[in-house]
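Chemist: sequence and predicted structure, then a few things I'm wondering about:
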Amino acid sequence: MTTSKPGIARYIAPELLDPPQFGLRHSNPSKESDVYSFAMTAYEVSYILLQYLLVLLTCVSCPSQGPLGRLAVWCAARERHRLQYRVW
C-alpha cells in the first residue's frame, strides 16, 4: 500500500495533503479541492503570461536597446520565471 498522493503538491488542496490539520480523518477529493487545483493552475498560467507580456512590452517600447539588449531582457525574464518555479 502506498501513502503518497498523486499529483503535484502545489496544485493539491491543503486538506488533501494533511487531513488531520483540517479536522478530517481521510483525504477525499471534492468539488472544493478541484476548484483549488484549478485556481492554482489558472494563477500560474496568468502569472507566466503577465511576465512574458511585460517583457514583450519592454522590448517593443525600447527599440534603442537593439537585438542584444532585447535578448538580454527576455533571458532575464525567463531566468526569473525558472527561479520562481523552482522556489514555489
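Modeler: In hand now; what should we look at?
Chemist: kindly give the local confidence score, pLDDT, for Leu16.
Modeler: Leu16 is assigned a pLDDT of 90 by the prediction.
Chemist: equivalent analysis for Leu53, please.
Modeler: So, for Leu53, pLDDT stands at 77.
Chemist: now it: which helix or strand?
Modeler: helix 31-61 (DSSP states H and E).
Chemist: ditto for Asn28
Modeler: With DSSP H and E as criterion, Asn28 is part of no helix or strand.
Chemist: where does this structure dip in pLDDT?
Modeler: 1-5, 58-71, 73-74, 81, 83-88 (pLDDT under 70).
Chemist: now do 90
Modeler: 1-11, 17-18, 22, 24, 26-29, 41-88 (pLDDT under 90).
Chemist: burial count for Ser27?
Modeler: Ser27: 17 surrounding residues under other CB atoms under 10 Å. The way it works is simple: take the backbone N, C-alpha and C, and place the C-beta from them, glycine included.
Chemist: correct me, but it touches Pro20?
Modeler: No: using CB atoms under 8 Å, Ser27 is not in contact with Pro20; the gap is 9.8 Å.
Chemist: residues that sit against both of the two, list them.
Modeler: Counting by CB atoms under 8 Å, 6 or more residues apart in numbering, Ser27 and Pro20 have no common neighbour.
Chemist: surely Ser33 is in contact with Glu15?
Modeler: Yes: counting by CB under 8 Å, Ser33 touches Glu15, with 6.8 Å between them.
Chemist: looking at the two, which is more packed in?
Modeler: Glu15 (19 against 16).
Chemist: identify the residues contacting the helix or strand where the more buried one lies?
Modeler: Assigned by DSSP H and E, Glu15 belongs to helix 14-17. If you take CB under 8 Å, 6+ apart as the criterion, helix 14-17 is touched by 5, 9, 21-22, 24, 27-29, 33, 36.
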